[in-house]
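A.B. asks: Here is a sequence with its predicted model. Questions after.
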Amino acid sequence: MDFMKIKINVNNYDELVRLMVNCTKCKLSSTRRKVVPGEGPLNAEIMIIGEAPGEKEDEEGRPFVGAAGQLLTKLLNNVGIKREDVFITNVVKCRPPNNRDPEPDEIDACRPYLVTQILMIKPKVIICLGRHSAREILKMAGYPERSVSNISNIRGRVFNVKIGDITAKVLPTYHPAAALYNPRLRSIIEDDLRKVRGMLEKGGGGILDYI
């Protein structure tokens, strides 16, 4: 994948946000209330990528502000990661109707925005929440789709990725929305997030990469 061709040429991040807010590249633009570009420090070491905004996010234009977002913030705090230190966004920037899964054409339309965000922020670690996020990021990095499509098989594992000139660690885990319905997943997500804290503290050492 030629990331330099996918990347959007903008002068600054505010310009990228304006493009996202005014985007009409897919059908989600006709049903959304607000675009949800993402939020957090532009020099964040950790980038969290979810799947798509939900109802609350669609109302406020901010990512992970509903029940799943509140759980995510709690789990981050439990492992010593402050939400305000993390950049959080989604694979698609507009809410799919009735919270359905994002469709391939919608993911394709939003890919340049996501790639540009990654290349601008230059995270050391990318946390993928849910199967759509994990599949999109790992496919970008060249992993075969068949090997990364099942979130249960890859969650908690650490992948080396190169996206353009960015080298990062990617850790997939369950989406916190799933843990709202299955509380057993909360401790699993928390354990996965704890690995991220360990990676940053050790400078990436001591983690067995998944191949």
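C.D. replies: Great, that's in hand.

A.B. asks: Geometric centre of this structure: which residue is closest?
C.D. replies: In the chain, the residue lying closest to the centroid (C-alpha atoms, centre = their mean) is residue 49, at 0.7 Å.

A.B. asks: Please name the bridge partners of it.
C.D. replies: Using DSSP bridges, the beta-bridge partners of residue 49 come out as residue 89, residue 128.

A.B. asks: I figured it hits residue 130, correct?
C.D. replies: No: taking contact to mean C-beta atoms under 8 Å, the distance of 9.1 Å between residue 49 and residue 130 leaves them out of contact. Backbone N, C-alpha and C define where each C-beta goes, glycine included.

A.B. asks: anything in contact with each of the two?
C.D. replies: Between them, residue 49 and residue 130 share no neighbouring residue, with contact defined by C-beta atoms under 8 Å, 6 or more residues apart in numbering.

A.B. asks: and the residue nearest to the centre of the chain, what does it touch?
C.D. replies: 88, 89, 90, 91, 114, 126, 127, 128, 129, 133, 136, 137.

A.B. asks: Hmm, residue 91 and the fifth one touching each other?
C.D. replies: I take that to be residue 114. Yes: assessed by C-beta under 8 Å, residue 114 is found in contact with residue 91 at 6.3 Å.

A.B. asks: Now for those two: what residues contact both?
C.D. replies: Taking C-beta under 8 Å, 6+ apart as the criterion, residue 114 and residue 91 both touch 49, 136.

A.B. asks: Can you show me the helices along this structure?
C.D. replies: Counting by DSSP state H, one finds helices in the chain at the ranges 3-6, 13-21, 55-60, 67-78, 104-121, 131-140, 145-148, 151-154, 176-181, 184-201.

A.B. asks: what about the chain, any weak spots by pLDDT?
C.D. replies: Confidence mapping of the chain against pLDDT under 70 gives the ranges 202-211.

A.B. asks: Would you mind pulling the contact partners of the top strand by length along it?
C.D. replies: Longest strand in the chain by number of residues, with DSSP state E as the criterion: strand 166-173. Defining contact as C-beta under 8 Å, 6+ apart, one finds that strand 166-173 is touched by 118-119, 122-129, 133-134, 137-138, 141, 148, 151, 154-161, 188-189, 192-193, 195-196, 199, 204, 207, 209.
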